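Student: got a predicted structure here, sequence first:
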Amino acid sequence: MKKTIYIVLVALSGLLSCSKETLNPVPSNAVSDTQIFSSVESAQTALNGGFAWMGNHLTITLSTIMAEVMGEDALMTSGNFGIDTYNWNLYSYTYSQVPEDDPWWFGYSNYIWQYDYKIVDAANNVIAAMEEAEEATGKENLLGQAYALRGLAFLNMVRLFAPTYTLNPESPGIILRITPADASSEHLGRASLRECYKRILDDLDYGRQHCSNASKTYFTPKSCALFMARAYLDMGDFPNAKKYAEEAASNTFDGSNLMSWDEYQAGFTDPNVEWLMSFNYNQTTSRLYASIPSFYYLAKASYTADADGKADPDTMEYLDTAEEADYFEEPLYGYSTVRWTRRFRDSFEDTDCRKLFPFYFYAEDGWFTSKFGHRDLYIGDADFPLARIAEAYLIKAECEAQGGGDAKSVLNALQVARGATPTDGSLENIYYERRKELYGEGFRLYDIKRLHQPLVRSADPEHWATVKDLPADSPRFMLPIPQVEMLYNKALTSADQNEYWRK
C-alpha cells in the first residue's frame with residue numbers, strides 16, 4: 001500500500017511542473033477577481049487557500065523534516081534493514097538536493113519555493129483587494145491574517161534559501177513579492193537579508209496588532225509575537241526577541257502555561273494550552289503517508305523489546321482486527337523512515353516526558369520516536385504545532401543569558417515541567433535544551449545556521465550519509481534557488497544562485 005500511495009504522490013508532483021494554462025484553463029463562466037473579493041467572507045475563502053498551501057505536504061512536511069535530517073540528531077533509515085526509504089527526505093539527509101526537479105525527490109527546493117510563493121500570492125491578493133474595500137465586520141482581522149501569513153512564509157523561506165542574518169545582513173535573501181503577480185509583473189531580484197527581515201517583522205507586527213484571538217488555527221496576537229521573537233533571535237537582536245517572547249507567553253515563565261507531563265507523553269495530536277498556533281489536520285485535510293507523523297512513527301501494535309530497547313518486527317502483534325492488520329500489512333503506520341541517534345536518545349533522563357523513543361529494530365537504523373502520532377487509524381490525522389509557548393521560554397532564557405539576566409530560573413521552569421533535572425543557565429545548556437524540547441518540529445538546521453555551529457555527525461555511528469561533518473557557515477546549509485526561477489526571472493543572473501550551486 002505504501003508504494004502505491006507513493007507512486008500517486010510522485011505522479012501528482014510531476015503534474016505540478018506543468019504550466020498554469022495547461023492545468024487550469026479558464027472557463028467562460030469563471031468567477032472574476034471582483035466577485036472573489038466582493039466581501040470579507042469571500043476574501044476569507046481565498047485566503048484559506050493560502051493557509052491550505054501552508055499545510056500542504058510540499059511545504060510543511062518537506063521543510064520540517066528537512067530541517068531535522070540535515071542536522072545531527074535525526075537520520076534516515078538506509079533501506080538496508082527491512083524498511084524502504086521510499087526516497088522521501090533521503091536526499092535532504094545526504095545533502096544531495098539540487099536546483100532541478102527531475103527526479104522530484106532530488107529537488108525539494110523547487111516545491112518549497114513554488115508553494116511558499118503560492119502562499120505569498122494568496123496573501124498579496126487579499127491585501128490588495130481588502131485595503132481598498134469598504135469597512136466591514138471582520139476586515140481588520142482578515143488583513144491581519146493576510147499580512148501575518150505572508151510574513152511567516154517569507155520567514156520560512158529566508159531561513160532555507162539564504163545565509164544567516166548575523167553572518168552579513170547585506171547578503172542576498174529571497175524575492176520580496178508584495179503585490180499580486182501575473183505574467184506581466186515586474187521581475188524582481190533577491191532583496192538583502194536586512195530588507196527581508198524588515199518586511200517579515202512589519203508583516204508579523206501588523207498581524208499582531210490586527211488579528212483576533214478567535215482561533216488558534218489562524219494567527220493570533222500571541223502567535224504573531226512568538227514568530228517575531230523567532231525572527232529577532234535569527235537577527236541576534238536579543239532585547240526585541242526577549243520582549244516578544246514575553247508577550248507570547250503572557251510574561252509567565254513559571255511552568256503553569258506549559259502542557260502537562262501526560263499531555264507531552266501522549267504524543268502531539270491535539271492542541272492544548274501551550275500551543276499558540278497549529279495546523280488543523282483531519283481526515284479531510286490529512287496528507288496520509290505524506291504527512292509529518294507518517295515519517296516518524298506510530299505502531300498500532302503490541303511489541304516487546306529487550307532491556308536495550310531492541311524489538312523484533314516479526315513478533316509484533318496488532319491490537320486491531322485481522323482485517324485492519326491485513327490492510328496495513330506492516331506493524332508501522334506511514335513510512336517511519338526518520339530515526340534518532342542513540343546518543344540523542346540517551347541524553348534524556350528516564351523521568352523526562354520528552355523521552356519518546358520506544359524501540360529500535362536495528363542499532364544501525366536508529367530509534368523510532370512517538371512524539372508525533374495519529375488519531376485512531378487515520379494516518380496523518382493529527383494537528384501539528386506551528387508555535388508553542390515552550391519556544392518562548394527557550395528564547396527568553398537565551399536572551400537573558402546573552403544579557404547577563406536570570407536565564408536559570410526560566411530554563412529550570414521548563415526542565416522541571418518536563419521531568420528533567422534542572423541545570424545552570426549557560427548558553428550551552430540552553431542550546432541543548434532547544435534540541436531536546438523542539439526535536440522533530442523543524443528547528444535544528446536553523447539553529448545550526450544562526451549559532452554558526454558546525455554539523456558534527458561523525459560522533460554517531462548510525463549516520464551513514466557521506467556528508468558527516470560540515471564547517472560552521474557552510475554554503476551547503478542553504479538550499480539552491482530553483483533552476484526554473486534562475487531561467488525565467490530576468491532580474492537574476494548566475495551570480496544570484498547560492499554559492500554551492502553556482503556553475
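Tutor: It's in.
Student: now stretch 42-59: buried residues?
Tutor: Of all the residues in stretch 42-59, those buried under the rule 16 or more other C-beta atoms under 10 Å are 43-44, 46-47, 50-51, 53-59. In short, each C-beta sits where N, CA and C put it, glycine included.
Student: hmm, Ile292 is touching His374, no?
Tutor: No - counting by C-beta atoms under 8 Å, Ile292 stays clear of His374, with 10.3 Å between them.
Student: that older thread, find the pair from the buried residues of stretch 42-59 with maximum spatial separation.
Tutor: Across those, no pair lies farther apart than Ala43 and His57, at 25.9 Å, counting by C-beta to C-beta.
Student: helices along the stretch 351-500 of the chain, start to end?
Tutor: Using DSSP state H, counting those that start in this stretch, the helices found in the stretch 351-500 of the chain span residues 389-402, 407-418, 427-438, 444-450, 483-488.
Student: can you tell me which of these is most buried?
Tutor: Mean neighbour count (mean count of other C-beta atoms under 10 Å) peaks for helix 389-402 among these, with a mean of 25.
Student: show me what that helix is packed against.
Tutor: Counting contacts by 3 or more C-beta pairs under 8 Å, 6 or more residues apart in numbering; DSSP states H and E, helix 389-402 packs against helix 221-235, helix 238-248, helix 407-418, helix 427-438.
Student: so what touches it?
Tutor: 226, 229-230, 233, 238-239, 241-242, 245-246, 248-249, 253, 257-258, 274-276, 405-407, 410-411, 413-414, 425-427, 430-431, 433-434, 437-438 (C-beta atoms under 8 Å, 6 or more residues apart in numbering).
Student: gap between the spatially most central residue of the chain and Leu445?
Tutor: Taking C-alpha atoms, centre = their mean as the criterion, Thr64 is the residue nearest the geometric centre of the chain, at 3.3 Å. Counting by C-beta to C-beta, to the nearest Å, the gap from Thr64 to Leu445 is 10 Å.
Student: now do Leu62
Tutor: Relative to Leu445, and taking C-beta to C-beta, Leu62 is found at 13 Å.
Student: thinking again about what came up before, turn the helices and strands packed on helix 389-402 into JSON lines, columns for distance to Glu462 and mean pLDDT.
Tutor: Converted to JSON lines, those look like this (distance: least, C-beta to C-beta, whole Å; pLDDT from 0 to 100):
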{"stretch": "helix 221-235", "distance to Glu462": "30", "mean pLDDT": "98"}
{"stretch": "helix 238-248", "distance to Glu462": "34", "mean pLDDT": "98"}
{"stretch": "helix 407-418", "distance to Glu462": "25", "mean pLDDT": "98"}
{"stretch": "helix 427-438", "distance to Glu462": "16", "mean pLDDT": "98"}
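Student: and the nearest residue to Trp275 once chain neighbours are set aside, how many neighbours?
Tutor: Excluding its sequence neighbours, the residue lying closest to Trp275 (C-beta to C-beta, 6 or more residues apart in numbering) is Pro385, at 5.0 Å. Close neighbours of Pro385, defined as other C-beta atoms under 10 Å, add up to 21.
Student: Pro385 against Met277, yeah?
Tutor: Yes - the pair Pro385 / Met277 is scored as a contact, 7.5 Å apart, by C-beta under 8 Å.
Student: which residues do Ile292 and His374 both contact?
Tutor: Here Ile292 and His374 have Gly380 as joint contacts, going by C-beta under 8 Å, 6+ apart.
Student: re the thing from before, which one of the helices and strands packed on helix 389-402 lies nearest to Ser171?
Tutor: Of all the helices and strands packed on helix 389-402, it is helix 221-235 that lies closest to Ser171, at 12.7 Å by C-beta to C-beta.
Student: alpha carbons of the closest one, as PDB, please.
Tutor: Extracted in PDB, the C-alpha atoms of helix 221-235 (Å, rounded to 0.1, in the frame of the first residue of the first chain):
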ATOM      1  CA  PRO A 221      -1.500  38.400  18.600                       C
ATOM      2  CA  LYS A 222       0.400  35.900  20.700                       C
ATOM      3  CA  SER A 223       1.400  33.600  17.900                       C
ATOM      4  CA  CYS A 224       2.500  36.600  15.800                       C
ATOM      5  CA  ALA A 225       4.600  37.800  18.800                       C
ATOM      6  CA  LEU A 226       6.300  34.400  19.000                       C
ATOM      7  CA  PHE A 227       7.100  34.400  15.300                       C
ATOM      8  CA  MET A 228       8.500  37.900  15.700                       C
ATOM      9  CA  ALA A 229      10.700  36.700  18.600                       C
ATOM     10  CA  ARG A 230      11.900  33.900  16.400                       C
ATOM     11  CA  ALA A 231      12.900  36.400  13.700                       C
ATOM     12  CA  TYR A 232      14.600  38.700  16.100                       C
ATOM     13  CA  LEU A 233      16.500  35.800  17.500                       C
ATOM     14  CA  ASP A 234      17.700  35.000  14.000                       C
ATOM     15  CA  MET A 235      19.000  38.600  13.800                       C
END
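Student: what separates His57 from Ser291, distance-wise?
Tutor: 7 Å.
Student: ugh, typo on my part, it should be Thr217
Tutor: In this view, Thr217 and Ser291 are 16 Å apart by C-beta to C-beta.
Student: who's more crowded, the two?
Tutor: Ser291 (26 against 15).
Student: go ahead and confirm that one touches Gly334.
Tutor: Yes - using C-beta under 8 Å, Ser291 and Gly334 qualify as a contacting pair, with a distance of 7.3 Å.
Student: where does this structure have low pLDDT?
Tutor: Where the chain drops to pLDDT under 70, the residues are 1-36, 298-302, 315-333, 377.
Student: in it, which spans are strands?
Tutor: 74-76, 275-279, 301-302, 317-318, 338-340, 384-388, 455-456, 469-470 (DSSP state E).
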